[in-house]
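Enquirer: Structure, please.
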Amino acid sequence: MTIADRLFTNARFHTLDPDNPNAEALASWRGRIIGVGTRADLEALTGPGTEVLDLGGATVLPGFIETHMHPIAAGVQMLAPQIGYPDCRTVADVLAVLREAASSTPAGEPIQAWGYDDSLMVDDRHLTRHDLNAARAAGGKRGH
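Expert: Have a look, this model is predicted:
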C-alpha cells in the first residue's frame, strides 16, 4: 500500500462523484490523489513522514486549470485563418488559405493567420517569401 506524502485536512472537497460528493480530507503521493474521504478513512494511508496540511476550512474543487492565455491574442486567432495541421497538411494547403484571405484583405494590409508548424507539413519545407508573395498576388489586389 502507498503511504501518502501529504494529507490535506479541514476543507470542503467537492469530488464530483455522485456517490461521495463531499469529503473532508484528501491524501496524495507525489502529486497524485490516492484517497479522498473522512480523516478517519485516510488514516490508513498516512505514516510518520506524511505532511499534514490544515486548509483552514477552504473549498477545494477538482479540475480547474488556469491555462494562461491572452484574451486579445485569442480573439485575433479566432478571427484569423487557420493554417496549421490538420486543416493544412501541405504548403499548397497553406497557400490556398492565404490566397482566400488575400482576396478579402485590402492591398497593403497584413494578412494574419495562425497555427503554422513547418514540422507538420508533408512537404518537409518552410514557406518562403516567394510562396507568400505569390499567394498575396493570386488573392487579388483589392483596395486599389
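Enquirer: Domain parsing of the chain, as residue ranges.
Expert: 6-60, 71-138 (automatic domain parsing).
Enquirer: Go through these and find the least confident stretch.
Expert: The stretch with the lowest mean pLDDT among the domains of the chain is domain 71-138, at a mean of 91.
Enquirer: Not counting sequence-adjacent ones, nearest residue to residue 89?
Expert: Nearest non-adjacent residue to residue 89, counting by Cβ to Cβ, 6 or more residues apart in numbering: residue 122, 5.1 Å away. All C-beta spots, glycine's among them, are computed from the backbone N, C-alpha and C.
Enquirer: SS state for the one you found?
Expert: Under DSSP: H, G, I helix; E, B strand; the rest coil, residue 122 falls in the coil class.
Enquirer: Run a quick neighbour tally on it.
Expert: Neighbour count for residue 122, taken as other Cβ atoms under 10 Å: 12.
Enquirer: how close does it get to residue 13?
Expert: Going from residue 122 to residue 13 by Cβ to Cβ, to the nearest Å gives 48 Å.
Enquirer: and if you look at residue 4?
Expert: In this view, residue 4 and residue 13 are 14 Å apart by Cβ to Cβ.
Enquirer: for residue 116, same thing?
Expert: Using Cβ to Cβ, residue 116 is found at 43 Å from residue 13.
Enquirer: who's more crowded, these two?
Expert: Under the criterion of other Cβ under 10 Å, the comparison of residue 116 against residue 13 puts residue 13 first, with 22 against 17.
Enquirer: Would you mind pulling the contact partners of the helix ranked longest in the chain?
Expert: Ranked by residue count, the top helix of the chain under DSSP state H comes out as helix 91-103. Contacting residues not belonging to helix 91-103 are listed as 81-83, 87-88, 111, 113, 116, 121, 123, 125, 127, 131-132, 134-136, 138-140, 142 [Cβ atoms under 8 Å, 6 or more residues apart in numbering].
Enquirer: What of stretch 24-31?
Expert: By Cβ under 8 Å, 6+ apart, the surrounding residues in contact with stretch 24-31 are 2-13, 33-39, 41-42, 45-46, 50, 60.
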